[in-house]
Every structure is written in C-alpha cells, then in structure tokens.
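Novice: missing the sequence, but the structure's below:
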C-alpha cells in the first residue's frame, strides 16, 4: 500500500487526456486502437509516478517540515530513499515496456514520454522557482498527453483542440498558484513571491474566457465532425463545468485540479453528463 501511495495514483486522472484523440476521431469502437491507448495510458501513468518519486526523493527534507507532505512515504520514513530509488527505476522500465506493448516498435511516442520526464525533473530541480516558466511546464505536461495519445493511434491533433488544452491548462495552473497564495501564503513556495493575486486573477479568467471560445470554435470545426455540428450543444455544459470549478477555486480549495474535481460530487456529475452527452453525439447521432 505504501508503494502505491508513493506512486500517487489519484493523479492519473490527468492522463485521461490521452484518450481525447481516440474519442474525437470516432475510433473508440476500434478495439485494436482502444487497446493501444489503454496500454499507452498505463505507460504514461508509470512515467508520471516516476517523476513523483524523483521529486519526493529530492524534496524529502523540505517535506518533513510540511504539515501535509510530512506524511508521504519517503518523508515519513516508511520507505527509504534507497528503496524508493530502486522502485523508481522499476517504474520507469514498466513505462517503456507498456509503451512498447502499445505499438510494438520504436517511434515518437518514446520521445513524448522522455520529454515529459525531463521537463518535470528540470521543474523539480529549479525551474519551478522561475515565474511563468513554472506554469508553462505544467501546461506543457497537459499538451504532451494529448499529442502522445494522438501519436499512439496516428491521428492529427485539431488546432482548436490544441488551443483549448493550452488555454484551459493555463487557467488551471494560474488558479493553483492563486489559491496557494491565498491559502498558505507566499512563503510556501519560492516562486509565489513573484506573483500577486491580482495578476493571477486577471490572467486566470482571461484564459478561462478564451478556453470557452476555442472550445466553441472546435465544436463547429467541420474537420472534426463532418456535417454533424451537434457538439455545439455541449458548450453550455462546458461553461457550467468551468463555472462550478471556478466556484470551488473562489472558496476554500488549494487549487490542485485533481483535488478540486475529486472533492466535488456535483462537478464530477457534470463532467459525467458532459462525457455521456458528447459520446452520444459522436457515436449514436
């Protein structure tokens, strides 16, 4: 259980972005492609866990002094640094193994995984202290997931999807920094001293607005849906989901996207309704 905790599986929810190219290319019913994406999803989960473990090893002394992080497996002493290092190597090998099983060949997908790992390790070892760069790296991680998923099934990523993910990720990242300042103060993270709540507020909601615009344009993109533009009816749902998310951000949340979603049953319900409605339009209309 402690090793599972070390892997932080609840954060795998972010990796479902890998399925977007499969779903919106209307290939979800293709069993062969679906199996490939499932294996790729597992590969990326292991890659993400590798990054988390390396970060925990590096920050172990700081985590021991943190109110919540001191309970993590390494900081609490339940897992030694030596065992965590060995486990991280096994996790990394599992990532490459599942990626190979997905495609049975060496291709660009490995570069996406390596790029994700490298930029996140660089983030942990210093880039997280550089204003805006820290948020750009968070955004890049979301974008890599989408392009990785597209590469697995050999489809192109819509320009509108790319812009939607970029702007939406900036919204999430800025919101996280905003609430870190609001809840625990600027001393909790070095980079926070460069930000003001006013700056984060303005840019967060700018990114929220353009995310809705880009998504709306994507729904009427004829290259995505052919002659079926019914997906535009999902726009109000997306607006409602983002409004609910913003409501949580404005209240008592620390702003971590995973926690915001998993701790709000209404938000989870809205997301499920969006998924079911979208699937019905794409596959049954």
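Specialist: Cool, the structure landed. The structure presented is a predicted model; accordingly, all values stated were derived computationally and were not measured.

Novice: The helix or strand bottoming out on mean pLDDT in the chain: what's the following helix or strand?
Specialist: Here the helix or strand of the chain ranked lowest by mean pLDDT, DSSP states H and E is helix 222-225, holding a mean of 54. Past helix 222-225, further along toward the C-terminus, the next helix or strand under DSSP states H and E is helix 235-250.

Novice: Which other helices and strands does that following helix contact?
Specialist: Secondary structure elements in contact with helix 235-250, counted by 3 or more C-beta pairs under 8 Å, 6 or more residues apart in numbering; DSSP states H and E, are helix 159-184, helix 197-219, helix 257-262, helix 265-284. (Each C-beta comes from the backbone N, C-alpha and C, glycine too.)

Novice: now the angle from the last one to helix 197-219?
Specialist: With axes from the mean of the first three to the mean of the last three C-alpha atoms, to 10 degrees applied, the angle from helix 265-284 to helix 197-219 works out at 20 degrees.

Novice: list the buried ones in helix 265-284?
Specialist: 267, 270, 271, 278, 281, 282 (16 or more other C-beta atoms under 10 Å).

Novice: and the second one, what does it touch?
Specialist: Residue 270 makes contact with 237, 240, 241, 244 under the criterion C-beta atoms under 8 Å, 6 or more residues apart in numbering.

Novice: same thing with the last one?
Specialist: Residue 282 makes contact with 23, 24, 26, 225, 231, according to C-beta under 8 Å, 6+ apart.

Novice: Could you work out the most separated pair of those residues?
Specialist: In the contacts of residue 282, two members sit farther apart than any others by C-beta to C-beta. They are 23 and 225, at 12.5 Å.

Novice: about what we covered before: looking at the helices and strands packed on helix 235-250, which is closest to residue 113?
Specialist: Closest of the helices and strands packed on helix 235-250 to residue 113 is helix 159-184, at 18.0 Å (criterion: C-beta to C-beta).

Novice: What residues sit buried inside that closest one?
Specialist: 160-182.

Novice: Can you name the helix or strand that residue 131 falls in?
Specialist: Residue 131 belongs to no helix or strand when assigned by DSSP H and E.

Novice: For burial, what's the neighbour tally of the residue lying closest to it once chain neighbours are set aside?
Specialist: Among residues not flanking residue 131 along the chain, residue 194 sits closest, at 3.8 Å (C-beta to C-beta, 6 or more residues apart in numbering). By other C-beta atoms under 10 Å, 14 other residues sit near residue 194.

Novice: Kindly report the same for residue 45.
Specialist: Every residue meeting other C-beta under 10 Å relative to residue 45 is counted, giving 22.

Novice: Could you do residue 132 as well?
Specialist: Neighbours of residue 132 under the rule other C-beta under 10 Å: 13.

Novice: got a pLDDT number for it?
Specialist: At residue 132, the model reports a pLDDT of 94.
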